[in-house]
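Asker: For reference, the sequence and a predicted model appear below.
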Amino acid sequence: MNGNVLILNQDYQPLSVVNVRKSLILLFLDKAELLHDHPEMTISTVTHSYQYPLVIRLRRYARVPFKNIVLSRKNIVKRDASTCQYCGSHTDLTIDHVIPKSRGGPDTWENLVTACNSCNHKKGNRTPKEAEMPL
C-alpha cells in the first residue's frame, strides 16, 4: 500500500501522483477508473481480491487553475540562466530594459533581460540596435 499511482485527468493529462490507498478510495467511490494495474500484485481482503493500481483516470474533468509566474528580478535572472544577454557573463548581474524606461519601455517579460553591470552601463539610454549590442 506504499506504492505510487499516477492520476490522469479525464483528457489523459497527468495531474498528480498519490499513494495506493488514495487511489483505491477514488476507485471505490467510482470517481476514477483503472487504466493500468500491476500484473503480479493484488490487494486482498478477507472476502475479495483487487487489482493493484498503477495508473487511474478521473471520470470527471478536474479544472486546474493556471498559475501566472510573478514578474520579479529573481524570475528574470532564472529565465535567462544567470547570464548577461549581451556578452554572456555570469557575474555582477543587473536587470536591463531593452526599450529604456525613459522611452516608454514597460516592465514586462518581453522588455526585461539580465545584463552585467558593464553592459547595462554601456547600453545606457539606447536600444540594443542603437548601441550596437544585439541580444
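Answerer: Okay, I see it. Residues are numbered from 1 along each chain as shown.
Asker: Report the residue ranges of every domain in the chain.
Answerer: 4-58, 73-128 (the TED database).
Asker: Quick one: the ones you listed as TSV, columns for mean neighbour count, mean pLDDT and distance to Leu135 too.
Answerer: All C-beta atoms are positioned from the backbone trio N, CA, C, and that covers glycine. Formatted as TSV, these follow (neighbours: other CB atoms under 10 Å; pLDDT from 0 to 100; distance: least, CB to CB, whole Å):
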stretch	mean neighbour count	mean pLDDT	distance to Leu135
domain 4-58	14	94	34
domain 73-128	15	95	5
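Asker: I'd like the ones you listed laid out as TSV, including distance to Pro134.
Answerer: Below are these laid out as TSV (distance: least, CB to CB, whole Å):
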stretch	distance to Pro134
domain 4-58	39
domain 73-128	6
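Asker: If we ignore the residues flanking it in sequence, what's nearest Thr83?
Answerer: Spatial nearest neighbour of Thr83, chain neighbours left out: His90 (6.0 Å); criterion: CB to CB, 6 or more residues apart in numbering.
Asker: which ones are touching Leu35?
Answerer: Each residue near Leu35 by CB atoms under 8 Å, 6 or more residues apart in numbering is listed here: 8, 55-57.
Asker: is it fair to say it lies in a strand?
Answerer: Yes. Assessed by DSSP: H, G, I helix; E, B strand; the rest coil, Leu35 belongs to a strand.
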